[in-house]
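Peer 1: Could you work out the structure for the sequence below:
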Amino acid sequence: MRITRRNLLLGASGGAFMASAGPGLRVSMAAESTSDEILVVMFARGGIDGLQLAAPSEDSFYQQARPSLAVQSSGANAGIAMANGLDGVDFFMNPGAPELNDLYTSGDLALIHAAGVPTENRSHFKTQDMMERGVADNEDNILSGWLTRHVETLTADRPLLSTISTASSNPISLLGYPQAVSIPDVNNFNVVGGDVNANVIAGLNSGSSAYQQVAQQTIEAINTVQLKLEELVAAEGEGEGEGESETGPAYTNGPLSSSLRNLAALIKMDVGLDVATVDQGGWDHHNNLLNEFRNNVTELSQSLSAFWEDVAEYRDRITLVFMTEFGRRLNENASAGTDHGSGSIMMVLSGNANGGQMYGAWPGLSPSDLDNGDLAVTTDYRQVIAEILAKRHNSPSLDTVFPTVAYSPLGIINGDDSAITGAAVASNTTSSAS
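Peer 2: Alright, predicted model coming up:
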């Protein structure tokens, strides 16, 4: 049988990698990562209601706007009082997220409120696209993904498995970067039929054409993942035999836990991973918000907590940034939900975070403070990402990644950003935490 691109794709469970791969890839599985740092970009798709996750529960405008939905400071639907509010305002973590509050209290989790895209747009598709390309209004001339631009400023000799998506396809943030590999499940990242079919595919593609090189690299990536997975399973099995762990991290049976468990395995397998993306959908709560939001935030809270336990030995190397395309309107709607808004919330989880604090500037919720009925954006999402890239991921060129935004760190995370100088630095370089 003649091996065509279609046949090879259908024959590999890791076909998403082939779909995203391009002719410029190298056979370089032995290459070492240039940095020990691991950047995880987690996107909450649908527009998470930041006012429901970390609520200003004692604000009268908040209570008036959400008579049936508001997170309370006590009584029914009471949130968890959070230490260190923002600009004199106290916040309460959603009652469905006690694990997030524990991470916050431990100092590993920092929150940035009223963050988002400076835009008048309220479309999921358009705003997600803008955020993943690293742009705002009137900046449509930037076509590649911001993660692509960041990765391309790093060394050209990157391991083949250095950039991974845990979804079935790569996000727009990696648009234009053919080396990104999609691995939604390490256990099924394999060739159907096993080694026999893999050897046939490799033998029939031993030449030097662009397609043959991609086929070779696909087989090599699959072989590496499966070998490393066997080693990891064996090592963890020995650990359980020695009584080190009986139950393991408390992942749920939900899709986010599945993605994060998969990511934790890839990190522990030491395949050279230093950039990864994770998605969680289901945040578009136009109706029945109390129940639907509670389900999603419980999955988020428990999954992140389990992941953080799973990668305990790697926490000083990992920085996870959580973002969403927009928040929701302040006022609840007639269907016990909230409609598309503006400012929302970002989170940074890291062993190097200055956590247990909230960052940014609180705009207030009075009618004169709102942005067309929405929580105003006071922190450009790119400020948060840029600080992480500069301090933890050794970005040599933030001007390339975010050409329209000056570097203005909030103090969210520890690290050396002394290389960021000159016109790229804004005057505000101090923490906004209170």
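Peer 1: what comes up buried for stretch 208-217?
Peer 2: In terms of neighbour count (16 or more other C-beta atoms under 10 Å), stretch 208-217 has its buried residues at 212-217. (Each C-beta comes from the backbone N, C-alpha and C, glycine too.)
Peer 1: who does Ala110 bridge with?
Peer 2: Beta-bridge partners recorded for Ala110 (DSSP bridges): Val348.
Peer 1: okay, now the closest residue to Ala136 other than its chain neighbours: neighbour count?
Peer 2: Computed as C-beta to C-beta, 6 or more residues apart in numbering, the closest residue to Ala136 that is not its neighbour in sequence is Pro118, at 4.4 Å. Each residue near Pro118 was counted by other C-beta atoms under 10 Å, and the total is 20.
Peer 1: got the contact list for Pro118?
Peer 2: For Pro118, the contact set (C-beta atoms under 8 Å, 6 or more residues apart in numbering) comprises 136-137, 377, 380.
Peer 1: just the buried residues of stretch 208-217 now: which is nearest Met130?
Peer 2: Val214 (31.0 Å; C-beta to C-beta).
Peer 1: Distance from the chain centre to the helix or strand the closest one falls within, please.
Peer 2: Using DSSP states H and E, Val214 falls within helix 210-241. Going by C-alpha atoms, centre = their mean, to the nearest Å, the spacing between the C-alpha centre of helix 210-241 and its chain's C-alpha centre is 24 Å.
Peer 1: Quick one: low-confidence residue ranges for the stretch 1-150 of the chain.
Peer 2: The model of the stretch 1-150 of the chain has pLDDT under 70 over residues 1-35.
Peer 1: Can you show me the strands along it?
Peer 2: 38-44, 54-55, 80-81, 92-93, 109-116 (DSSP state E, counting those that start in this stretch).
Peer 1: Equivalent analysis for the stretch 201-350 of the chain, please.
Peer 2: Using DSSP E, counting those that start in this stretch, strands in the stretch 201-350 of the chain cover 275-280, 318-324, 344-350.
Peer 1: Buried deepest among those, which one?
Peer 2: Most buried of the strands of the stretch 201-350 of the chain by mean neighbour count (mean count of other C-beta atoms under 10 Å) is strand 344-350; its value is a mean of 27.
Peer 1: average model confidence for it?
Peer 2: Strand 344-350 shows an average pLDDT of 98 in the prediction.
Peer 1: so what does that strand touch, helix or strand wise?
Peer 2: Other elements packing on strand 344-350 under the criterion 3 or more C-beta pairs under 8 Å, 6 or more residues apart in numbering; DSSP states H and E are helix 50-53, strand 109-116, strand 318-324, helix 381-391.
Peer 1: mind checking which of those is nearest Ser144?
Peer 2: Short answer: helix 381-391, nearest of these by C-beta to C-beta, at 14.7 Å.
Peer 1: and the closest one with strand 344-350, angle?
Peer 2: Calculated by axes from the mean of the first three to the mean of the last three C-alpha atoms, to 10 degrees, helix 381-391 forms an angle of 10 degrees with strand 344-350.
Peer 1: Just give me how far helix 381-391 sits from the chain centre.
Peer 2: Relative to its chain's centre, helix 381-391 lies at 13 Å (C-alpha atoms, centre = their mean).
Peer 1: so His150 makes contact with Val401?
Peer 2: Yes: if you go by C-beta atoms under 8 Å, His150 and Val401 touch, sitting 4.8 Å apart.
Peer 1: Neighbour count: those two, which is higher?
Peer 2: Neighbour count, other C-beta under 10 Å: between His150 and Val401, His150 has more, with 27 against 23.
Peer 1: Please identify which of the strands of the stretch 201-350 of the chain is closest to Leu53.
Peer 2: Among those, strand 344-350 comes nearest to Leu53, with 5.6 Å by C-beta to C-beta.
Peer 1: Dump the closest one to PDB, restricted to CA.
Peer 2: Output of strand 344-350 as PDB, limited to C-alpha atoms (Å, rounded to 0.1, in the frame of the first residue of the first chain):
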ATOM      1  CA  SER A 344     -12.500  39.600  34.300                       C
ATOM      2  CA  ILE A 345      -9.800  37.800  36.300                       C
ATOM      3  CA  MET A 346      -6.300  36.300  35.600                       C
ATOM      4  CA  MET A 347      -4.400  34.000  37.900                       C
ATOM      5  CA  VAL A 348      -0.700  33.000  38.200                       C
ATOM      6  CA  LEU A 349       0.200  29.800  39.800                       C
ATOM      7  CA  SER A 350       3.900  29.200  40.500                       C
END
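Peer 1: quick one: contacts of it?
Peer 2: By C-beta under 8 Å, 6+ apart, the residues outside strand 344-350 that reach it are 47-50, 53-54, 100, 103, 108-116, 304, 308, 315, 318-324, 326-328, 355, 375, 379, 381, 384, 388, 392, 412-413.
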